[in-house]
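Chemist: Quick check, what structure comes out for this input:
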Amino acid sequence: MSEKQFHRLHAYVEGYVQGVGFRYFVLRVAQEHHLTGWVRNLFDGRVEVMAEGELGDLNRLLAALRKGPHSSDVRQVDYSFSEARGDYNRFSVLSTG
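Modeler: Numbering: from 1, shown residues only. Here you go, the predicted structure:
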């Protein structure tokens, strides 16, 4: 039996993504896919996401970030993948940073 491989997704979402429930949309999607990490608003109007989990689940989160909740208007998602560090034990919404 092979051991699961975990990865990290770090993303910045641009557009009309603050004040529309975007962070709680991300929280719900991340929890549905058993991801750990966090989401927060940035002072420049973007939303930042740091998530760890299986690559397939991270790709599903990335697809959701590109779409966003109905009330949002996502213009661009910049992201990178790296090796998971295991820093988180759940997914949370952080204060603006």
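
Chemist: where does the chain dip in pLDDT?
Modeler: 1-3 (pLDDT under 70).

Chemist: how about the helices of it, start to end?
Modeler: 22-32, 55-67 (DSSP state H).

Chemist: counting contacts, what elements does the shortest one pack onto?
Modeler: Counting contacts by 3 or more C-beta pairs under 8 Å, 6 or more residues apart in numbering; DSSP states H and E, helix 22-32 is packed against strand 36-41, strand 47-54, helix 55-67, strand 91-93. Yep, even glycine has a C-beta here, placed from its N, CA and C like the rest.

Chemist: Show residues contacting it.
Modeler: 13, 36-37, 39-41, 47, 49, 51, 60-61, 64-65, 68-69, 72, 91-93 (C-beta atoms under 8 Å, 6 or more residues apart in numbering).

Chemist: Are any of those buried, and if so which?
Modeler: Neighbour-count burial (16 or more other C-beta atoms under 10 Å) is assigned, among the contacts of helix 22-32, to 13, 36-37, 39-41, 47, 49, 51, 60-61, 64-65, 68-69, 72, 91.
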